[in-house]
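Asker: Build me a model:
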Amino acid sequence: MQPTLRLTSTDDLAQAGAKKSLRESSPSERQAVAARLTRFLNKRPKYLGDRPIRLLDFSPIDLPIAELLASTNDEIRVTRLAESAVAGELLRDRDPGAEILECTLDRLQSDGPDGFDVVHTALMLGSRRELPLMTGLTQLGRLGMHGFLWTDRVKQTQPMKASRVRDLARRVDLEFCAYKKPIRSTLFSLSGWRPQL
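Answerer: Predicted coordinates:
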């Protein structure tokens with residue numbers, strides 16, 4: 001059975017049942033995520049035409065992706081992935097403009113709806129172990145028929161150097177994506193549009 005990304009922390013404290021609050025995203029991080037996602041979607045390939053973009057999002061509950069995109073583009077249909085009923089309820093409260101899909105990543109890959117145009121994930125690196133992270137990113141990338149965007153923090157609770165992030169990105173099966181770390185930013189992004197077949 002393949003490991004998958006989880007919406008909860010996987011560190012030793014979480015496994016021991018200790019209460020731990022996950023880091024909330026800051027207003028500047030939210031703005032950065034929304035700006036990068038908007039720029040990415042505005043450069044969509046011409047072969048997609050003018051139809052609405054179907055976006056699958058797997059990001060922390062405190063990031064209201066549909067709400068962030070509502071003011072910039074109404075041609076994006078956001079579906080948020082929740083791997084539990086509790087996460088689904090929280091997402092419905094935090095991001096009412098999104099469709100909520102309660103399903104594990106493994107099951108979505110095998111039994112889910114017919115693909116999404118773009119898959120987006122943000123700020124998920126800090127509470128993930130490396131193997132589940134790589135497996136989850138690869139699974140998410142395969143669900144995006146036309147594009148993939150991952151935005152995350154460079155500095156984590158356990159610091160990660162930019163070279164380590166690049167190495168991780170190279171080992172994820174997303175060869176169509178380009179790595180980019182904006183100057184003077186604590187966030188990096190990995191994004192790309194799939195070439196038309």
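Asker: which helices and strands sit right next to the strand of greatest length in the chain?
Answerer: Assignment by DSSP state E gives strand 144-153 as the longest strand of the chain. Packing contacts for strand 144-153, counted by 3 or more C-beta pairs under 8 Å, 6 or more residues apart in numbering; DSSP states H and E, involve helix 27-42, strand 116-122, helix 130-143, strand 187-193. C-beta here means a position set from N, CA and C on the backbone, and glycine is covered the same way.
Asker: Kindly recompute the last result at 10 Å.
Answerer: Counting contacts by 3 or more C-beta pairs under 10 Å, 6 or more residues apart in numbering; DSSP states H and E, strand 144-153 packs against helix 27-42, strand 53-57, strand 116-122, helix 130-143, helix 162-171, strand 187-193.
Asker: Partner strands of it and their direction?
Answerer: With DSSP bridges as the test, strand 144-153 is paired with strand 116-122 (parallel), strand 187-193 (antiparallel).
Asker: Quickly compare these and say which is most buried.
Answerer: Stretch with highest mean neighbour count among those: strand 116-122 (a mean of 25; mean count of other C-beta atoms under 10 Å).
Asker: Taking helix 130-143 as reference, get the angle to the longest strand of the chain.
Answerer: Going by axes from the mean of the first three to the mean of the last three C-alpha atoms, to 10 degrees, strand 144-153 is angled at 140 degrees with respect to helix 130-143.
Asker: Take strand 144-153, keep the C-alpha atoms, and write them as PDB.
Answerer: Extracted as PDB, the C-alpha positions of strand 144-153 are listed here (Å, rounded to 0.1, in the frame of the first residue of the first chain):
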ATOM      1  CA  GLY A 144      -3.500  17.100 -13.500                       C
ATOM      2  CA  MET A 145      -4.300  16.500 -17.100                       C
ATOM      3  CA  HIS A 146      -2.800  19.800 -18.300                       C
ATOM      4  CA  GLY A 147      -0.900  21.400 -15.400                       C
ATOM      5  CA  PHE A 148       0.500  21.300 -11.900                       C
ATOM      6  CA  LEU A 149       1.500  23.900  -9.400                       C
ATOM      7  CA  TRP A 150       3.200  23.400  -6.000                       C
ATOM      8  CA  THR A 151       4.100  26.400  -3.800                       C
ATOM      9  CA  ASP A 152       5.800  25.900  -0.500                       C
ATOM     10  CA  ARG A 153       8.000  27.400   2.200                       C
END
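Asker: tell me the angle of it relative to strand 53-57?
Answerer: Going by the same axes, to 10 degrees, strand 144-153 is angled at 40 degrees with respect to strand 53-57.
Asker: roughly how far is strand 144-153 from the heart of the chain?
Answerer: Centroid separation for strand 144-153 versus its chain: 6 Å, with C-alpha atoms, centre = their mean, to the nearest Å.
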